[in-house]
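*Asks:* no letters, just coordinates:
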């Protein structure tokens, strides 16, 4: 049973590595990287190496991810992504308002 769990986790690691490679969104890449490090820490626990598991969890999923987020903030990618999402939400709201106005104008 333990071998099956480790095998499934290893497959998940391969999927994460491929997903990070093909991801165009930097924020998604960081989140996938965090999940990769977390699964790797779980594998180290299952392989009875708690020292490596703690190190992987602290460095891989913790400190490195925080540094990536800070880097994205410094180069203002996160701010641009937030602005784009707000703009998309405003445009969607305006298009809904226009559609309801058009429907209301046809009925009169």
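*Replies:* Sure thing, it's come through. Model, not experiment: these values are computed from the prediction.

*Asks:* got the domain ranges for this protein?
*Replies:* Here the domain parsing of the chain from automatic domain parsing is 1-75, 76-108.

*Asks:* now stretch 72-89: average pLDDT?
*Replies:* Throughout stretch 72-89, pLDDT has a mean value of 72.

*Asks:* quick revisit: want to throw the domains of the chain into TSV with mean neighbour count?
*Replies:* C-betas here are computed from N, CA, C, even on glycine. Output for those, formatted as TSV (neighbours: other CB atoms under 10 Å):
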stretch	mean neighbour count
domain 1-75	14
domain 76-108	10
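
*Asks:* helices or strands up against the helix or strand hosting residue 20?
*Replies:* Element membership of residue 20 [criterion: DSSP states H and E] is helix 2-22. For helix 2-22, the elements it packs on are helix 26-46, judged by 3 or more CB pairs under 8 Å, 6 or more residues apart in numbering; DSSP states H and E.
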